[in-house]
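Colleague: How does the following fold in three dimensions:
(chains A, B, C and D)
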2 protein chains.
Amino acid sequence: MSEITEAPMRIADVSERTGLTGHTLRFYESEGLLPDPVERDGAGHRVFTEDQVQWLLVCSKMRSSGMSLPHIRRYAELMQGGPDTVGERYEILREHEQKVRDQLAELQEALGIIENKVALYARQMASGDADGLWRDGPSCAVRST
Amino acid sequence: MSEITEAPMRIADVSERTGLTGHTLRFYESEGLLPDPVERDGAGHRVFTEDQVQWLLVCSKMRSSGMSLPHIRRYAELMQGGPDTVGERYEILREHEQKVRDQLAELQEALGIIENKVALYARQMASGDADGLWRDGPSCAVRST
DNA sequence: GTAGGCCTTAGAGTCGACTCGAAGTCAAGG
DNA sequence: CCTTGACTTCGAGTCGACTCTAAGGCCTAC
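Modeller: Residues are numbered from 1 along each chain as shown, chains lettered A, B, ... in the order given. Model (predicted):
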């Protein structure tokens, strides 16, 4: 129970640690993305806990993988609800996991096509002559389905 | 030189083949995303060529991997410009390829964290007791950098 | 000949997630 | 004391990419 009073983490510190702007942090709080309310110091300034920063880091990963704010909010709400909410939290995670896998597959497919085109261009540029695919026609086409 | 007049492809056909709505197809045309203008039949209806459909399929892959409309437009413009523009087209492709790789890395990282959490939850749910991580605290945290 | 269906246009509206601006408060340093 | 700078609130603005609406034209089938 070491209650050493560390330097309080203010919004600028959290901003630096999370990569989220102050504006965004306030916005996230106002959107209910934080399970617990943010404390204030004497001047009314926000003081974040280490746990909140950790959670914000998770949030930002979730965001960057496309989880919507409403989903994150729901998850945050459930975190306040204790053990009974674990099932639903698990569900949300599984669902998002699947979404991320789908995105990965989509990107992989796009990457294949791009690499294909890049290789084609590289070959044409190396061989130095324009033999007909300069219009990027069907020869560069997407594989059907 | 087989110039057999096939059934003209109208917007609904292209919509079905590309998965883009009619609205979106008109929008893309108006945004200059098609290298060549779309022909019209007697009634003023759009008639697409096979090449255009192929190109739209490519477009939609580029879009789904996050290429912006301005970038696609630029590329389309270059396609009208002949062999001289090949270098810049290649550049655009390489640049986008890198962007896609970055996105893949980002998603992979997020996926790792999600899988981590999922596994943690699964273990806790299986063991049946709530021993302290139900608040999703630092024990579920993001690995630093 | 008229109803249905697909098409046309121009332009307005939507959505999510920020992002910014204005006006004000507070503590510390010179 | 006064400035500086980080913070506060609230509300409005932005952005990209659609998405939809309204008003109308043309062709086919009954």
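Colleague: Helix or strand for A:Val47, just tell me which one.
Modeller: Assigned by DSSP states H and E, A:Val47 belongs to strand A:46-47.
Colleague: wait, does that strand contact DNA strand D?
Modeller: Yes: counting by Cβ under 7 Å from any atom of the strand, DNA strand D is contacted by strand A:46-47 at A:Arg46. C-beta here means a position set from N, CA and C on the backbone, and glycine is covered the same way.
Colleague: Say whether DNA strand C is contacted by the helix or strand following that strand.
Modeller: Remark: after strand A:46-47, the chain's next helix or strand is helix A:50-64, criterion DSSP H and E. Yes: judged by Cβ under 7 Å from any atom of the strand, helix A:50-64 and DNA strand C are in contact via A:Arg63.
Colleague: what does the following helix or strand past helix A:50-64 rub up against?
Modeller: Next helix or strand after helix A:50-64 toward the C-terminus (DSSP H and E): helix A:69-80. Here helix A:69-80 makes contact (Cβ atoms under 8 Å, 6 or more residues apart in numbering or on different chains) with A:28, A:31-36, A:55, A:59, A:62-63, A:85, A:88-89, A:92-93, A:96, B:134-136.
Colleague: ok, now stretch A:31-42?
Modeller: By Cβ under 8 Å, 6+ apart, stretch A:31-42 touches A:8, A:10, A:28-29, A:46-49, A:52, A:55-56, A:59, A:69, A:72-73, A:76-77, A:79-80, B:135-136.
Colleague: Just the buried ones out of the residues you listed, please.
Modeller: Applying 16 or more other Cβ atoms under 10 Å in any protein chain shown to the contacts of stretch A:31-42, the neighbour count classes A:28-29, A:46, A:48, A:52, A:55-56, A:59, A:72-73, A:76, A:79, B:135-136 as buried.
Colleague: Tell me the helices and strands packed up against the helix or strand harbouring A:Val14.
Modeller: Assigned by DSSP H and E, A:Val14 belongs to helix A:11-18. When contacts are defined as 3 or more Cβ pairs under 8 Å, 6 or more residues apart in numbering or on different chains; DSSP states H and E, helix A:11-18 sits against helix A:22-30, helix A:50-64.
Colleague: and the helix or strand A:Tyr121 falls within, does that touch DNA strand D?
Modeller: Assigned by DSSP H and E, A:Tyr121 falls within helix A:86-127. No: interface with DNA strand D: helix A:86-127 contributes nothing (Cβ under 7 Å from any atom of the strand), its closest point being 13.7 Å away.
Colleague: now do stretch A:61-68
Modeller: No: counting by Cβ under 7 Å from any atom of the strand, DNA strand D has no neighbours in stretch A:61-68; the shortest distance is 13.0 Å.
Colleague: roughly how far apart are the residue nearest in space to the middle of chain A and chain B?
Modeller: In chain A, the C-alpha closest to the average C-alpha coordinate belongs to A:Ser64, at a distance of 1.6 Å (Cα atoms, centre = their mean). Per Cβ to the nearest Cβ, to the nearest Å, A:Ser64 is found 6 Å from chain B.
Colleague: ditto for A:Ser30
Modeller: According to Cβ to the nearest Cβ, A:Ser30 stands 21 Å off from chain B.
Colleague: That residue: how many residues sit nearby?
Modeller: Look at A:Ser30: counted by other Cβ atoms under 10 Å in any protein chain shown, it has 9 neighbours.
Colleague: any idea how far A:Gln80 is from it?
Modeller: 17 Å (Cβ to Cβ, to the nearest Å).
Colleague: I'd say A:Lys61 and B:Ile113 touch.
Modeller: Yes: counting by Cβ atoms under 8 Å, A:Lys61 touches B:Ile113, with 5.4 Å between them.
Colleague: thinking again about what came up before, looking at the helix holding A:Tyr121 now, give me its mean pLDDT.
Modeller: Throughout helix A:86-127, pLDDT has a mean value of 94.
Colleague: wait, A:Val58 sits on B:Ile113?
Modeller: Yes: taking contacts as Cβ under 8 Å, A:Val58 lies within contact range of B:Ile113: 7.0 Å.
Colleague: Skipping adjacent residues, who's closest to A:Thr18 in space?
Modeller: In space, and not counting its chain neighbours, A:Thr18 is closest to A:Leu56: 4.8 Å by Cβ to Cβ, 6 or more residues apart in numbering or on different chains.
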